[in-house]
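>>> build me a model from this:
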Amino acid sequence: MIAQDVPTPAAVSSARESREGHPLRRRLDPSLPAVDNIARIIGAGPTARLISTFGGGRIYIARRPGPADAVARIIGDEKAALLGTIFGGERVWLRNDAGHLTRKSISQLRNRGMSVARIARQLHLSDRYVYKVLADLRNR
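This is a model prediction of the structure:
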């Protein structure tokens, strides 16, 4: 065998990725709604902002979002680019209930032992709102 015919580790890795798709695709769960998979990619805070802006309708996710792209203006260029690598070229339905996703995220982070202040910073919420959600969850 000629040395040129032996695939390099980089070539093998590249071929594997092209078969399996983008590494972020491994985070996706096809049994979940698209909005839950979006949250797995860009986080709960940016997803909640998308829902509060576009909830109850469909949004187009550009493959290569530019500065004028509506999604990029809401969540930023970096997060929009991540969405574009996975959902680029698709129209995605966003449910109207941003509160459910936010409450779920707050509960999960608190159960992991995160402080209220840190949860609020991570999700771009006020401390007061996080306390309110936690109190509501305790009373259920």
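>>> just the pLDDT for P46.
In this model, P46 is scored at 92, pLDDT.
>>> wait, it sits on K79?
Yes. Shown here, P46 and K79 form a contact pair, counting by C-beta atoms under 8 Å, at 5.0 Å. Just so you know, the C-beta spots here come from the backbone N, C-alpha and C atoms, and that holds for glycine as well.
>>> for R73, what are its contacts?
For R73, the contact set (C-beta atoms under 8 Å, 6 or more residues apart in numbering) comprises P67.
>>> just confirm it is within a helix.
Yes. Counting by DSSP: H, G, I helix; E, B strand; the rest coil, one finds R73 located in a helix.
>>> what pLDDT does it get?
95.
>>> G56 too?
83.
>>> give me the neighbour count for it.
G56 has 10 neighbouring residues, counting by other C-beta atoms under 10 Å.
>>> repeat for N96
12.
>>> do you have the helices of this structure handy? List them.
9-20, 34-42, 44-54, 70-75, 77-87, 98-111, 116-123, 127-138 (DSSP state H).
>>> I'd like the mean pLDDT over the longest one, please.
Averaging pLDDT along helix 98-111 gives 84.
>>> got the buried residues for that helix?
A98, L101, T102, R103, S105, I106, L109, R110 (16 or more other C-beta atoms under 10 Å).
>>> now tabulate these in TSV and tack on distance to V116.
Converted to TSV, the buried residues of helix 98-111 look like this (distance: C-beta to C-beta, whole Å):
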residue	distance to V116
A98	20
L101	18
T102	14
R103	14
S105	13
I106	9
L109	9
R110	8
